[in-house]
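Engineer: sequence and predicted structure, then a few things I'm wondering about:
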Amino acid sequence: MDFKEHFNLSEQILYVNTPGNGLIPKETLAWRRNWDETFFDIHTDLRDKQADFLSEVKASISTLFNTNSENTFLTPNFSFGYNTLIERLPTDFEFLVLADEYPSLQYPLINRRLSFQEVPVSINVEERILEAIETQRPNVFVFSVVQYISGLKIDLGFIKQLKKTFPEMWIIADATQYLGTEPFDFKASGIDALACSGYKWLLSGFGNGFITLSDGLADFLNGMLKDIPRPKAAMWHTKSLLGTFFEPGHQDTLAHGTLQHSLKFLERMDLREVGAHLEEVRNEAYELLDERGFLLDICKRANRSSLINIQIDPTLYPNLLQSGVKCFPRGTGIRIGLHLYNDKEDVHRLIEIIESLR
């Protein structure tokens, strides 16, 4: 399938910066222009139907990722949903996190003075996680499915087994660098809370995201809120107690509508087809980069992500930009990301540009 035709691409630009922000499909951009104009047209009633519209957005999330829409909340980004969640957890909980995690994941534990331990990221990180859980018995394990600097991808089969082995431990995942790259079934994943921003692999621009909870975690949180009265105002008569925390005020229908439209686009493209395409492009990239010694050792695993940290001098970044490569320096190299609008030709073009600069 030719995915490129659905995006505004340029022959002068090689776009591999999805880990920074993903492109928006042409049809989603057209929807945004029409929605914004229609929404503020005094003759329309879209402004009076915001609640129904936002419920439809949640339904689209539930359809694509098999979540419970009643436990799914629309947020402006990952960080808002995640911060709100940990504010609701007992302050004496012990957390386990990976070292060098995304700042918005780890720092909220620090600035709330919550107790946590770190697991070093290594090529056998799943074994290290299991060892840490067996010895430390944390209440919560928090992780990014794909690490934002290295691109290391946690084995989701391992996470599923982890929940079976330690059912009393809550598992919280950041899926911002993952969702949109392959099919994902939340209810079957073993994850209790999945939060995500939409502006990367979900192709949805800024200002939107969501957090979804397992029935077990939702029940646990509701149990902690049992002494709080339900909202009595008519405008909040359908809002759940958890909704008063995760969705406390007005929400941007343009931003969340963009998320919905891109989710529907990904559904039509079929995430199985997207995943197969990305696997083919990824394999080409990993092979060519590995031949040249450009890969981090911890990423030479069977479980590969579409985020790759190319081990070349980060000071080459301005030269890459000048050559039309949209990327970003991270850690000890240059970070790229491959998505459905990239193909093998892009990979070969990138290699040629890199070699011309070295």
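Structural biologist: Received it, and whenever you're ready, just let me know what you need.

Engineer: distance of residue 325 from residue 128?
Structural biologist: Look at residue 325 and residue 128: by C-beta to C-beta, to the nearest Å, they are 34 Å apart. C-beta coordinates here come from the backbone N, C-alpha and C atoms, glycine included.

Engineer: let me redo that: residue 191
Structural biologist: For residue 191, the distance to residue 128 - C-beta to C-beta - is 19 Å.

Engineer: show me which positions of stretch 336-344 end up buried.
Structural biologist: 336, 337, 338, 339, 340, 341, 342, 343 (16 or more other C-beta atoms under 10 Å).

Engineer: tell me which of residue 325 and residue 128 has more neighbours.
Structural biologist: Neighbour tally, residue 325 and residue 128, criterion other C-beta atoms under 10 Å: the higher count belongs to residue 325, 23 against 16.

Engineer: how near is the residue nearest to the more buried one when sequence neighbours are not counted to residue 341?
Structural biologist: The spatially closest residue to residue 325, leaving aside those adjacent along the chain, is residue 14, at 4.8 Å (C-beta to C-beta, 6 or more residues apart in numbering). Counting by C-beta to C-beta, the gap from residue 14 to residue 341 is 11 Å.

Engineer: and residue 53, by the same measure?
Structural biologist: Counting by C-beta to C-beta, the gap from residue 53 to residue 341 is 28 Å.

Engineer: ditto for residue 107
Structural biologist: Residue 107 sits 32 Å away from residue 341, going by C-beta to C-beta.

Engineer: can you give me the strands for the stretch 51-200 of the chain?
Structural biologist: Taking DSSP state E, counting those that start in this stretch as the test, the strands found in the stretch 51-200 of the chain are 72-75, 94-98, 115-119, 140-144, 170-174, 193-197.

Engineer: where does pLDDT dip in this protein?
Structural biologist: The chain contains no residues with pLDDT under 70.

Engineer: coming back round to it: and the strands of the stretch 51-200 of the chain, which is most packed in?
Structural biologist: strand 193-197 (a mean of 28; mean count of other C-beta atoms under 10 Å).

Engineer: that one vs strand 170-174, what angle?
Structural biologist: Per axes from the mean of the first three to the mean of the last three C-alpha atoms, to 10 degrees, the angle that strand 193-197 makes with strand 170-174 is 10 degrees.

Engineer: mind listing what strand 193-197 pairs with, with the direction of each?
Structural biologist: Next to strand 193-197 in the sheet, as set by DSSP bridges, lie strand 170-174 (parallel), strand 209-213 (antiparallel).

Engineer: can you tell which of these is closest to residue 300?
Structural biologist: strand 170-174 (23.3 Å; C-beta to C-beta).

Engineer: now what about that closest one, what contacts it?
Structural biologist: Strand 170-174 has contacts (C-beta atoms under 8 Å, 6 or more residues apart in numbering) with 78, 82, 85, 89, 102, 105, 139-145, 159, 162-163, 190-196, 217, 220.
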